[in-house]
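# model this:
(chains A and B)
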Amino acid sequence: AQSVTQPDIHITVSEGASLELRCNYSYGATPYLFWYVQSPGQGLQLLLKYFSGDTLVQGIKGFEAEFKRSQSSFNLRKPSVHWSDAAEYFCAVGERKTSYDKVIFGPGTSLSVIP
Amino acid sequence: NAGVTQTPKFRVLKTGQSMTLLCAQDMNHEYMYWYRQDPGMGLRLIHYSVGEGTTAKGEVPDGYNVSRLKKQNFLLGLESAAPSQTSVYFCASSYHTGKSSYEQYFGPGTRLTVT
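Sure thing, here's the model as predicted:
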């Protein structure tokens, strides 16, 4: 069965520091990969996605992620964190099913930003 | 466009009571989903629909029922609420065409407490 792990439950960084959130997946074929962000009291918003091609993908809000097949990873990065980036981040993998296209979410990483 | 909306935003039920959560989307999406979000567990799929008049079970369907009488609406029902159903419920929708079906648009959530 497909799965997504996010090793870090909670991360705290200082404003202006760089950020990397880790994501590992288990999937037999070439995966479709996503990062979503959830601000407090809000629904999830898609940050970026990977389907194929260039393994470094750019997203909204200055985020990027790199797909590394050899490591089964899709880590999210941002060079300089802003206080407004404090949120919950979810990595997800898309799994093709016969009836619908399933998205499997990781448990999430909570990001705190110190001013 | 309002996107995906959910009503109500908050609700407190007593064990054994019933209720219906309403999800509406104005993006003409074919697919709609109901998830529950619990701490440390990410999002788990309760039920989904691939079109008007069709519904199917997800990972955790027990204790819930759904209906999709109109394309834009997806209702989630709890017939006899239990404390284990205390959670935050998210509705999502997506296109059905190719890879776009994996890009889900989320509502703001309904926080349900069952006492």
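
# For the residue in chain B that chain A sits nearest to, which residues are in contact?
Closest residue of chain B to chain A, C-beta to the nearest C-beta: B:Phe106 (3.4 Å). Every C-beta, even on glycine, is put in place using the N, C-alpha and C of the backbone. Contacts for B:Phe106 (C-beta atoms under 8 Å, 6 or more residues apart in numbering or on different chains) come out as A:36, A:43-45, B:4, B:90-92.

# Show the contacting residues for the nearest residue to it once chain neighbours are set aside.
Leaving aside its sequence neighbours, B:Phe106 sits nearest to A:Gly43 (C-beta to C-beta, 6 or more residues apart in numbering or on different chains; 3.4 Å). Counting by C-beta under 8 Å, 6+ apart, A:Gly43 makes contact with B:4, B:90, B:92, B:106-109.

# Using JSON lines, lay out those together with secondary structure and distance to B:Glu59.
JSON lines is the format used below for the contacts of A:Gly43 (DSSP: H, G, I helix; E, B strand; the rest coil; distance: C-beta to C-beta, whole Å):
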{"residue": "B:Val4", "secondary structure": "strand", "distance to B:Glu59": "20"}
{"residue": "B:Phe90", "secondary structure": "strand", "distance to B:Glu59": "14"}
{"residue": "B:Ala92", "secondary structure": "strand", "distance to B:Glu59": "14"}
{"residue": "B:Phe106", "secondary structure": "strand", "distance to B:Glu59": "17"}
{"residue": "B:Gly107", "secondary structure": "coil", "distance to B:Glu59": "19"}
{"residue": "B:Pro108", "secondary structure": "coil", "distance to B:Glu59": "22"}
{"residue": "B:Gly109", "secondary structure": "coil", "distance to B:Glu59": "18"}
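
# quick one: low-confidence ranges for chain A?
Flagging of chain A using pLDDT under 70 yields the residue ranges A:97-100.

# Go ahead and confirm B:Arg11 touches B:Gly109.
No: the criterion here is C-beta atoms under 8 Å, and B:Arg11 misses it with B:Gly109 at 11.6 Å.

# Now for B:Thr55, how many residues are close by?
For B:Thr55, the tally of surrounding residues (other C-beta atoms under 10 Å in any protein chain shown) stands at 18.

# Kindly report the same for the one 10 residues further on.
Applying the criterion other C-beta under 10 Å, we find 14 residues in the vicinity of B:Asn65.

# so after the helix or strand where it lies, what's the next helix or strand?
Taking DSSP states H and E as the definition, B:Asn65 sits inside strand B:64-67. Scanning forward in sequence from strand B:64-67 by DSSP H and E, the next helix or strand is strand B:73-78.
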